[in-house]
Every structure is written in C-alpha cells, then in structure tokens.
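*Asks:* Following is a predicted model, sequence given first.
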Amino acid sequence: MSYRIMVAIVLCCHYLSAFSALGMPLFLPIMLQELNAPLQSGWVGLLFILPTLMTAIAARYWGRFADTYGRKTSLLRAELGLTVGFLICGFSQSLWQLVIGLSVQGLFGGTMAASNAYLATSITDKNALKQVLNFTQFSARLALITAPIGLGFLVHHYEVLSLYRVLAILPLLALLLSFSLKKDVIAAGNIGTTANTTELPKASTRTKTNNINSNTAKSDKKKTQHSVQAITGTAFFANPYLFISVLQFFLAFCMVATFPYFLPFAKIFGLSTSQIGQLYAMPHVMYLICQLLYGRISQRLPAMSLSLGFTVLASAVLLHLTDYLLLIWLARMLFGVGMFMCYQSLHAQMADTNQSKHSGKIFSRYDALAKWGGVLAGLSVTLFVPIFGLLSPFVLSAMMAVIAIITIKIYQEKYSSIV
C-alpha cells in the first residue's frame, strides 16, 4: 500500500468516526428534552464531558494496548467502541441509558489518539509527520463543520436520539476500511517499557571499570539533581513532551469551555437551530481555510507562535461578550485563527519529540491531557453558568488562555525552544 493511500484511509476513517462524536453533543439540550430530563440541573455540561472523561481515564491503558498488540488493532478497537456506544445512545429510553451509551463511547473510543499513533509508527520523517498531524486536526475540524450544520437540518424532522442509530453506520464503515491498512510492526522491546519522549543526557564514564565508590558518588549526585529539579520545577520545563502536553491541556480547556452551552447562548440572538449550527462551525471553517492557505505559503512564513495563538484565542472569546451579532461572527472567525496557530505550533513540536516505538503511549497521553482539559472545562462551566450566566464560559476560556501565555513566557526564559 502506498504512503498516500494509507494516509488517505486513516484520515477518511477518522472523519467518519469524528462526525457523530463531535457533532452530536451540540444537541444535548434537545436530547434531554426527549428524555424528559431537567435542563437546569447541570446535566448538559455533565453529559457533554462524560465521553471525554471516560477517554481520559482509559487513555493510558489503550496506549499500552497499542504498543503491545499493534496500533492498527487499537484503531479497530476504537472504531468498534464508537459503533457500540452510538447504538446504545440511539436506543436509549431513559437518561441513565444515555449515560451508559456515552460512557461506552468514551471508554472504548479515542480514534484521534489511535489514528495519530498509527501514523506516527508508519511515518518516520518529522516534516511529513507534522503535516499529517495537521491533517488529522483538519479532518476533526471538517467534522465539526459538517456535523452541526447537517445535523441541524435533520433535527427538525427526526428525534435527535434516533439519529444515533443511523450515525452508527459511519464508525462501522471506518472499521471496515481500516481492515485494509497494513499491520504495523511491534518492536520487541515495547512490552513493559516506559514512553519517555525526551531523556536528559546521561553522564558518560571514561572506562568500564569504574570502582564502586565512584558509581555510588555519581548515583548520589544524580539523585540530588533530580531532587532539586523536583523542588524547583526545572524537570517539568526540561521535558519538551510534558510541556507540549500541558499546553494541549490549556488549549483544550479554552475551546471546550465555550461548547456545552453554546446553543442556549446563541438563542439569545434569535437564531434558528441551523443558523446556530453554522455559527458553531465557523471557527472550524476558518481553521480549514487557514490550513489550505498556509500549506501554499508556509515556506515564506516564520514558525507559528504558540504565545500569539493563545493571545488571539483570548481576544476572540472576550469578543463574545458583545451584544452585536456581527461582532459574534467576527469572534468566531478569530477563534478559528487562534486554534490554527496553536495547533500548528504544537504539532511541529510534537513531531520533533516523537519516538515511533512508543507512539501508542505518547499520543494516548498527549490526547489524555487534552481530554482532561475538556473535562475540567465542562465541570467549570457546569458550576459557573447557573451562577454567573451564559457569558461565564467565555471569561473562563480567556483566563485559561492568559495562564497558558504566562506558562510559555516562563518556558522561554528557561529554554530557547520556539513556542
């Protein structure tokens, strides 16, 4: 199988899996109405983060599973898990059955991490991997555009929960397509190993016959250095992989905080469900446009600034506080530009720190921190919206963006990496 065909199949399967998983949560308020559940009890925010929470909990185990039994096997597992979860949601007759379906979707899903792990194992060139990681985000954003708009039209004619039954066909089709992928090679040393993407240089010995006292002294010195790093926090900043993952956490929080209550927020402007779907999808439209334009002129531009990306995000979410619909549209477009800048920088650094033999653990943990960011964002807005209103998620998102910028500045002062 050629490189292009392999990448095309993985991206197509990821889009099919992401369509329902990313598009349906927007309509959770309508699902609760169909199940006669109270809308003001916080269930919207809790159900929104439930699949994300389950994915974050299961991520480390599925990462080990991928490195032990193969990334293709893990990808098939994720697609099958989504299919079963969608079917349970589609046949739900009560709120608790919906909870079970969303939990299964999260526990056994995780197609983003599984897809990235498979690609990272199959692609050794860093530049090519960076581009492909950008395209997995591209397929996710494409799903976030097409799903809310398409489903927004369908909810006028069908029950939202019944749509899950039909949408289960998509991850099932992805499962069938993924069988055609080449099985990845599992290194013999993968089982039982630890996935450290970046190791600090170890002290070299001049001879193989160092005496015991010398080894003991070096060991004590190394322990002392690690103790100092643990106290001062330099160990965190010295590990680019961990630092990138934490910034992914911040980015996920900034985005997800604005999602759960976007439907009731947009209704304030008197928009229809389909119009709300279009407004909801606008940042992802901008992401795709930026991706297509950047691919043609990237050679002439400097590396994307992660700090500037978070600045644009903070400005965009604060612009949502206006009462003018035209400015809301502008805010949604700026939000997409900020997302694009952040992801471009994160993917470039992720490609530089990747170790293909541990790609399952690396990308599952990278994705897990994004999920935990989404979980914390969902819990935060669930608590704050009933008290402070529908504008509070945008304020929380801006605050997290500022924290991310401060973290980046601290990193820049200690290390010369481009962020």
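*Replies:* Arrived safely.

*Asks:* burial count for Ala377?
*Replies:* 28 (other C-beta atoms under 10 Å). Just so you know, the C-beta spots here come from the backbone N, C-alpha and C atoms, and that holds for glycine as well.

*Asks:* Please apply the same query to Phe249.
*Replies:* Neighbours of Phe249 under the rule other C-beta under 10 Å: 22.

*Asks:* Same question for Gln93.
*Replies:* The burial count for Gln93: 9, using other C-beta under 10 Å.

*Asks:* can you tell me which residues contact it?
*Replies:* Leu35 (C-beta atoms under 8 Å, 6 or more residues apart in numbering).

*Asks:* Work out for me the element it sits within.
*Replies:* Applying DSSP states H and E as the criterion places Gln93 outside every helix and strand.

*Asks:* Which pLDDT value belongs to it?
*Replies:* Gln93 is assigned 89 on the pLDDT scale.

*Asks:* What distance do you get for it to Leu383?
*Replies:* Per C-beta to C-beta, to the nearest Å, Gln93 is found 29 Å from Leu383.

*Asks:* for Leu318, same thing?
*Replies:* Leu318 is 21 Å from Leu383, by C-beta to C-beta.

*Asks:* ditto for Val7
*Replies:* 42 Å.

*Asks:* More neighbours: the two, which one.
*Replies:* Set side by side, Val7 and Leu383 show more neighbours around Val7, with 18 against 14, by other C-beta under 10 Å.

*Asks:* Hmm, Leu119 is touching Leu133, no?
*Replies:* Yes - counting by C-beta atoms under 8 Å, Leu119 touches Leu133, with 7.4 Å between them.

*Asks:* Show me how far stretch 336-349 is from its chain's centre.
*Replies:* 12 Å (C-alpha atoms, centre = their mean, to the nearest Å).

*Asks:* who's in contact with it?
*Replies:* 130, 133-134, 137, 240, 244, 247-248, 251, 255, 282-287, 289-291, 294, 303-306, 308-313, 315-316, 417-419.

*Asks:* Give me the buried entries from the residues you listed.
*Replies:* 130, 133-134, 137, 240, 244, 247-248, 251, 255, 282-287, 290-291, 304-306, 309-313, 315-316, 419 (16 or more other C-beta atoms under 10 Å).

*Asks:* The residues you listed in helices, which ones?
*Replies:* Among the buried ones among the contacts of stretch 336-349, the members found in helices (DSSP state H) are 130, 133-134, 137, 240, 244, 247-248, 251, 255, 282-287, 290-291, 306, 309-313, 315-316.

*Asks:* Under the pLDDT cut-off, which ranges of this structure? List them.
*Replies:* The chain contains residues with pLDDT under 70 at 1, 38-42, 185-241, 295-304, 352-362, 415-419.

*Asks:* Give me the nearest residue to the spatially most central residue of it, chain neighbours excluded.
*Replies:* Nearest to the geometric centre of the chain sits Ala370, at 4.8 Å (C-alpha atoms, centre = their mean). Nearest residue to Ala370 in three dimensions, chain neighbours excluded: Ala252, at 4.1 Å (C-beta to C-beta, 6 or more residues apart in numbering).

*Asks:* before we move on, what about Val246?
*Replies:* Leu369 (6.6 Å).

*Asks:* dump the residue contacts of Ala18.
*Replies:* Counted by C-beta under 8 Å, 6+ apart, Ala18 has contacts Thr111, Met112, Ser139, Ala140, Ala143, Leu144.

*Asks:* Tyr15 is in contact with the first one, correct?
*Replies:* No - Thr111 lies out of contact with Tyr15 (C-beta under 8 Å); the separation is 9.7 Å.

*Asks:* So for the two, which sits in the more crowded spot?
*Replies:* The neighbour comparison of Thr111 against Tyr15 (other C-beta under 10 Å) goes to Thr111, with 30 against 22.

*Asks:* Would you quantify the distance from the more buried one to Ala8?
*Replies:* Counting by C-beta to C-beta - Thr111 and Ala8 are separated by 16 Å.

*Asks:* Wait, Pro171 touches Ser17, no?
*Replies:* Yes - with contact defined as C-beta under 8 Å, Pro171 reaches Ser17; the gap is 4.7 Å.

*Asks:* sorry, back to before: please identify which of the contacts of Ala18 is nearest to Leu161.
*Replies:* For the contacts of Ala18, the residue nearest Leu161 by C-beta to C-beta is Ala143; the value is 19.6 Å.

*Asks:* Does that closest one belong to a helix, a strand or coil?
*Replies:* Following DSSP: H, G, I helix; E, B strand; the rest coil, we place Ala143 in the helix state.

*Asks:* Next, count neighbours for it.
*Replies:* For Ala143, using other C-beta under 10 Å, the count is 23.

*Asks:* Contacts only, for it.
*Replies:* Shown in contact with Ala143 (C-beta under 8 Å, 6+ apart): Tyr15, Ala18, Phe19, Ala21, Leu22, Gly23.

*Asks:* same thing but at 10 Å, please
*Replies:* 14-23, 170, 281, 284 (C-beta atoms under 10 Å, 6 or more residues apart in numbering).

*Asks:* Quick check on these: which are buried?
*Replies:* Taking 16+ other C-beta under 10 Å as the criterion, what is buried in the contacts of Ala143 is 14-23, 170, 281, 284.

*Asks:* In helices, which of the contacts of Ala143 appear?
*Replies:* Using DSSP H, the subset of the contacts of Ala143 located in helices is 14-23, 170, 281, 284.
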